[in-house]
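Enquirer: Coordinates only, no sequence provided:
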């Protein structure tokens, strides 16, 4: 499923939402994905055409730190709390959030069972995946580029979620905007990283135009991992950050680009 609900002007954060997940989240679980609009950044971190007004939220992608602080201030003002920001390294470390932080923990996913605590990951082609249990007692969000995905970041996030919940709790996931298969050319080493662990993952790689190259489907790879981890329902997918340049930044389209945030929380 790749539909997303139209934003309704019922909360301040809707003004900054480029995409609201269309998934059967339990009452009280809220989330959205920011886009390019709504901030003060310009140039590669601005709107399409390098125009001013970009809501770049990445603090390590070359943007003016003053602009990033203002963008994050605007976002936080529309949320129940300052988001938990991570120092992402394409790994599998999971942070269990208990409250606001002064420092950014080194992790590529974050989970919590605390209402009112906003979780976040930053992306610009990598796959963001939101998680919730069917009764809204815990939420999480993971950053899954091909390295983290092949190393098990989604499985580790599921494990961390289950540790917060009663035995047998049903989990669901929503896959946000990532680079689409037609734009994601990879080499043999990327295919091998998946196929060596799961022979069936070969179906997610279509032969590329150039020898030794493949077109990788991050969404299909993530679905296989999530199903194997026992996630009861998986929604989302079907987006492409590379081609949807009006809404999203893409690192592959332009390396000096901004970052979108995928945010999720339990209403207090």
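Expert: Sure, I can see it. No experiment lies behind these values; they were computed from the predicted model shown.
Enquirer: Mind listing what's buried along the longest helix seen in the chain?
Expert: Longest helix of the chain, by residue count under DSSP state H: helix 65-77. By neighbour count on 16 or more other C-beta atoms under 10 Å, the buried set for helix 65-77 is 67-68, 71-72, 74-75. Every residue, glycine included, has its C-beta placed from N, CA and C.
Enquirer: Take the residues you listed and write them to a markdown table, including distance to residue 109 and pLDDT.
Expert: What follows is the buried residues of helix 65-77, written out as a markdown table (distance: C-beta to C-beta, whole Å; pLDDT from 0 to 100):
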| residue | distance to residue 109 | pLDDT |
| --- | --- | --- |
| 67 | 27 | 98 |
| 68 | 22 | 98 |
| 71 | 23 | 98 |
| 72 | 20 | 97 |
| 74 | 25 | 96 |
| 75 | 20 | 97 |
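Enquirer: hmm, back to that, same for the longest helix of the chain, what does it pack against?
Expert: Counting contacts by 3 or more C-beta pairs under 8 Å, 6 or more residues apart in numbering; DSSP states H and E, helix 65-77 is packed against strand 37-41.
Enquirer: The helix or strand following the strand it packs on packs against which elements?
Expert: Using DSSP states H and E, the next helix or strand after strand 37-41 towards the C-terminus is strand 54. For strand 54, the elements it packs on are strand 37-41, judged by 3+ C-beta pairs under 8 Å, 6+ apart.
Enquirer: State the mean pLDDT of the strand it packs on.
Expert: Throughout strand 37-41, pLDDT has a mean value of 97.
Enquirer: Show me the strands paired with it, marking each as parallel or antiparallel.
Expert: Strands that pair with strand 37-41, judged by DSSP bridges, come out as strand 54 (antiparallel).
Enquirer: Next up, identify which helix or strand the residue nearest in space to the middle of the chain is on.
Expert: The residue lying closest to the centre of the chain (C-alpha atoms, centre = their mean) is residue 128, at 1.9 Å. Secondary structure assigned from DSSP H and E places residue 128 in strand 127-133.
Enquirer: and the nearest residue to residue 256 once chain neighbours are set aside, how far is that from residue 64?
Expert: Of all residues not flanking residue 256 in the chain, residue 44 sits nearest, at 4.3 Å (C-beta to C-beta, 6 or more residues apart in numbering). Residue 44 sits at a distance of 11 Å from residue 64 (criterion: C-beta to C-beta, to the nearest Å).
Enquirer: what bits of this structure have low per-residue confidence?
Expert: 1-11 (pLDDT under 70).
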